[in-house]
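[1] test case, fold it:
(chains A and B)
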Amino acid sequence: GAVVSQHPSWVICKSGTSVKIECRSLDFQATTMFWYRQFPKQSLMLMATSNEGSKATYEQGVEKDKFLINHASLTLSTLTVTSAHPEDSSFYICSAVELGTGYEQYFGPGTRLTVT
Amino acid sequence: TQLLEQSPQFLSIQEGENLTVYCNSSSVFSSLQWYRQEPGEGPVLLVTVVTGGEVKKLKRLTFQFGDARKDSSLHITAAQPGDTGLYLCAGGFNTNAGKSTFGDGTTLTVKP
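    Residues are numbered from 1 along each chain as shown, chains lettered A, B, ... in the order given. Model prediction:
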């Protein structure tokens, strides 16, 4: 149980284009989903908190107009990197908290984004 | 700002050795999780501790939550190459709707 998927697992795009990453909880409903960014050999950096049916809450320093988050249902959240630049290249990971549990996060496998 | 400090940051040991990773904070957490992450993959939840003084065992891994719920340790007995990875601790608060504070991680390498 508690499986989270991400799609795509890796993507290469050209500078200036937009990329959408999907995060799905496959066998549970998620109250909240989180989006993280991770640089090599470093810990997770929280970008935003996503709640179904409401606007995402962004961490300080994260541009909400650049990283668009949509949480359309209790099992799906999407992150769109708009007008991507090479510095946006990174490993993006989502996690989900199961409805009613409150604290354990289950992570997706991550998406490797490379902007050329 | 709630900070979680992990130590050591990097650890390289031989197969069969024992090791302990520490996670310390000045904040009191409602719960604390330990995750293991392999390169190119997402973190995998190992354990959740919620009670001060709690000890949980998962095969060769022993997790302890401090009495004051400010710190935790992960002890691995007879480490194996398959234990290699990034270990992350994360502290949570009941009022934060699942949002956790993550430590900087400990990169463990177990050499055969």
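[2] chain B against chain A: which residues are in contact?
    B:30-31, B:33, B:35, B:40-45, B:48, B:86, B:88, B:90, B:92, B:94, B:97-100, B:102-105, B:107 (C-beta under 8 Å from any C-beta of the partner chain). For the C-beta atoms, the positions are set from N, CA and C on the backbone; glycine is no exception.
[3] try 7 Å this time
    Within chain B, the positions near chain A by C-beta under 7 Å from any C-beta of the partner chain are B:30-31, B:33, B:40-43, B:45, B:48, B:88, B:92, B:94, B:97-100, B:102-105, B:107.
[4] show me what stretch B:29-39 is in contact with.
    Outside stretch B:29-39, the residues that touch it by C-beta atoms under 7 Å, 6 or more residues apart in numbering or on different chains are A:103-104, B:43-50, B:63, B:65, B:69, B:72, B:74, B:85-94, B:100.
[5] averaged pLDDT, it. What do you get?
    Rounded to a whole number, the mean pLDDT of stretch B:29-39 is 93.
[6] that older thread, now a PyMOL select for only the buried ones of the residues of chain B next to chain A.
    The buried residues among those can be selected in PyMOL (16 or more other C-beta atoms under 10 Å in any protein chain shown) with this line:
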select buried, chain B and resi 31+33+41+42+43+45+48+88+92+98+99+100+102+103+104+105+107
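[7] of the residues of chain B next to chain A, which belong to strands?
    Members of the residues of chain B next to chain A lying in strands (criterion: DSSP state E): B:31, B:33, B:45, B:48, B:88, B:92, B:100, B:102, B:107.
[8] out of those, which one sits closest to residue B:22?
    Closest to residue B:22 out of those is residue B:88 (12.9 Å), distances taken as C-beta to C-beta.
[9] now the closest one: closest residue in space, sequence neighbours ignored.
    residue B:35 (4.5 Å; C-beta to C-beta, 6 or more residues apart in numbering or on different chains).
[10] and what of residue B:23?
    Counting by C-beta to C-beta, 6+ apart, residue B:23 lies nearest to residue B:89, which is 3.6 Å off, once chain neighbours are set aside.
[11] surely the one you found touches residue B:7?
    No: under the criterion of C-beta atoms under 7 Å, residue B:89 is not in contact with residue B:7, lying 10.7 Å apart.
[12] just give me the neighbour total for residue B:35.
    24 (other C-beta atoms under 10 Å in any protein chain shown).
[13] element containing it, please.
    strand B:31-37 (DSSP states H and E).
[14] could you tell me which strands sit next to that strand in the sheet, and their orientation?
    Here strand B:31-37 is paired, per DSSP bridges, with strand B:44-49 (antiparallel), strand B:85-92 (antiparallel).
[15] could the ones you listed be laid out in a markdown table, adding mean pLDDT?
    A markdown table is the format used below for these (pLDDT from 0 to 100):
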| stretch | mean pLDDT |
| --- | --- |
| strand B:44-49 | 94 |
| strand B:85-92 | 94 |
